[in-house]
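Peer 1: Attaching a predicted model along with its sequence, questions to come.
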Amino acid sequence: MDAIFRPLSVAVYGASRNPAKLGHTLLRNVLGGGFEGDVIAVNPAGGEVLGLATVPRLARPVDLALISVPADSAEAAVADAVRARCAAAIVLASGFGETGAAGREVESRMAARARAAGMRLVGPNCMGVVSRSAPGFFNGSYFWRLPQRPGNISLVSQSGAFGGMFLAESRRRGLGVARFLSVGNSAEVVETDALEWLAEDPATEVIGLFVEAFQQGRRFVEVARRCPKPVVVLKAGRLAAGARAAASHTGSLAGSRGAVTAAFRRGGVIESGTSDDFFDSLQVLSARPPTAGRRIAIVTISGGPSVLGADAAERAGLELPALAAKTVAELRRLAPSFAATGNPVDLTPQCPPDHFQPALRAVFTDPAVEGVVAINCGLDVQEFGLGLAQAQRETGKPVTAFLLDVPQIEQHLRSAGLPVLPTPERAVAAYAALVPL
């Protein structure tokens, strides 16, 4: 797997002079991404592509062969990579096991040839690999708009399109990505192989997987259980219609909903029910490890959204403990007489700005409170944001927030590395991802 995530030399099969061809896109991405290793362009037609003289076949081994050719040429390209003694290959072409029996037969032959030679084979029917230390930044994929920040999140996806969603969402949220691998039909390399490697990868601190069907379910559970890092999984195809779609898309079979949930529980996996849950969990886990307690305080300046947050907390198995008498007395001293000083705490928009910081400190230092969900709709008073960031820094207690139309506060929280979510319910659910299973 080192040759896939950290290649020192790469060959691009199907490198084309035609900018409309995917082979051209792939070579352009490899060359333009900052990869510092050797690159060989393979094209039987000869000529030059993007400044590289092409070769009809490999004359020497490389760490990784990227195969972007039509389906009917892919098997020959794999055979050439095996002959050249390449360490690994990624077949990005489609038209194999997902199309029926004939495609499955070709896919099986490619995988068998690779196994016999000791060459790892990713795909087919995938989008490639992205890795931030390969050496240099390595974009061995069809994607060209990637997150710019280095980071600690790595994703393994059976769906190439979902991989594109992940990269776009990471870019939108300002998250950094360490590694990305699209495994496609998983003819040889399966999602658990990648998980096992990422578990030992120093650049990766949180691992996400998008899976339509597990290839080696029992092994996955064991590897996930041993993994010292949080593993977040979005399992598609849990209901009947989705399972049928998964079978036609990847050529795999999906397990029953109950069996999958039970397996996740045994493996200590964080299960996401939607793509929003998945991305939210990765966001908060990239900021801190899952060591939070279940007892939270919800702090707001308006009542309605905090009620939604309280409902979400109960659904997520979180607790809203009563605050200590000393805390309540301090809040009553600082907030208007009509403020709610229970839990949730509603400081109200009428709270004097210079009272927000001591009020928030009182909540954070309450002995019953293990974490805080903050909610602010429309009151863009910077003391609220400064108070949250300072109290979190002083106590070390985790925070998630829902903010609406408060750019000053949002800037303070993002500068402090505190996660901001788009609804009260998602802020609470994201906090729940920080609670150990």
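Peer 2: Looks like it arrived, so ask away.

Peer 1: in the stretch 201-350 of the chain, which ranges drop under the pLDDT threshold?
Peer 2: 238-256 (pLDDT under 70).

Peer 1: quick one, strands of it?
Peer 2: Under the criterion DSSP state E, counting those that start in this stretch, the stretch 201-350 of the chain contains strands at 206-211, 231-235, 270-272, 296-300, 345-346.

Peer 1: Mind listing the strands the first one pairs with, and their directions?
Peer 2: Strands flanking strand 206-211 in the sheet, each with its direction: strand 150-157 (parallel), strand 231-235 (parallel) (DSSP bridges).

Peer 1: Following element in sequence after the longest helix seen in the chain, please.
Peer 2: If you go by DSSP state H, the chain has its longest helix at helix 101-117. As assigned by DSSP states H and E, the chain's next helix or strand after helix 101-117 is strand 120-122.

Peer 1: ends of stretch 93-101, how far apart?
Peer 2: 17 Å (C-alpha to C-alpha, to the nearest Å).

Peer 1: Report the mean confidence score over that stretch.
Peer 2: Stretch 93-101 carries an average pLDDT of 93.

Peer 1: where's that stretch relative to the chain centroid, distance-wise?
Peer 2: How far stretch 93-101 lies from its chain's middle: 27 Å, per C-alpha atoms, centre = their mean, to the nearest Å.

Peer 1: hmm, back to that, may I see the strands of the stretch 201-350 of the chain arranged in a markdown table, with distance to Pro7 as well?
Peer 2: C-betas here are computed from N, CA, C, even on glycine. Output for the strands of the stretch 201-350 of the chain, formatted as a markdown table (distance: least, C-beta to C-beta, whole Å):
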| stretch | distance to Pro7 |
| --- | --- |
| strand 206-211 | 20 |
| strand 231-235 | 25 |
| strand 270-272 | 30 |
| strand 296-300 | 45 |
| strand 345-346 | 53 |
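
Peer 1: related to what we said a few turns ago, other SSEs contacting the longest helix of the chain?
Peer 2: Judged by 3 or more C-beta pairs under 8 Å, 6 or more residues apart in numbering; DSSP states H and E, helix 101-117 is in contact with helix 71-83, strand 120-122.

Peer 1: of these, which approaches Ala292 most closely?
Peer 2: For Ala292, the closest of these is strand 120-122, at 35.4 Å, according to C-beta to C-beta.

Peer 1: and the closest one, which strands flank it?
Peer 2: strand 88-91 (parallel).

Peer 1: Tell me the gap between the partner strand and the middle of its chain.
Peer 2: The chain centre lies 22 Å from the centre of strand 88-91; the measure is C-alpha atoms, centre = their mean.

Peer 1: Touching that strand from outside, list them.
Peer 2: Residues outside strand 88-91 that contact it (C-beta atoms under 8 Å, 6 or more residues apart in numbering) are 1, 3-4, 7, 63-67, 74, 77-78, 81, 110, 114, 119-126, 128-129, 140, 184, 187.

Peer 1: Kindly supply the PyMOL command isolating those of these that are buried.
Peer 2: Buried subset of these, written as a PyMOL selection, criterion 16 or more other C-beta atoms under 10 Å:
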select buried, resi 1+3+4+7+63+64+65+66+67+74+77+78+81+110+114+119+120+121+122+123+124+125+126+128+129+140+184+187
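
Peer 1: So for stretch 211-227, what gets flagged as buried?
Peer 2: Applying 16+ other C-beta under 10 Å to stretch 211-227 flags Val211, Glu212, Ala213, Phe214, Gln215, Phe220, Val221, Val223, Ala224, Cys227 as buried.

Peer 1: Wait, the second one touches Val260, no?
Peer 2: No. Counting by C-beta atoms under 8 Å, Glu212 sits too far from Val260 to count as a contact (11.2 Å).

Peer 1: Spit out the residues that contact these two alike.
Peer 2: With C-beta under 8 Å, 6+ apart as the test, Glu212 and Val260 both reach Lys235.

Peer 1: on that earlier part again, of all the strands paired with strand 206-211, which one comes closest to Val381?
Peer 2: strand 150-157 (31.0 Å).

Peer 1: Using PDB, write out every CA atom in that closest one.
Peer 2: Backbone C-alpha positions of strand 150-157 (Å, rounded to 0.1, in the frame of the first residue of the first chain) are rendered in PDB as follows:
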ATOM      1  CA  PRO A 150      -2.800  20.100   4.400                       C
ATOM      2  CA  GLY A 151      -4.800  18.300   7.000                       C
ATOM      3  CA  ASN A 152      -5.400  15.100   9.000                       C
ATOM      4  CA  ILE A 153      -8.500  13.600   7.400                       C
ATOM      5  CA  SER A 154      -8.200  10.600   5.100                       C
ATOM      6  CA  LEU A 155     -11.100   9.100   3.100                       C
ATOM      7  CA  VAL A 156     -11.600   5.700   1.400                       C
ATOM      8  CA  SER A 157     -14.600   5.600  -0.900                       C
END
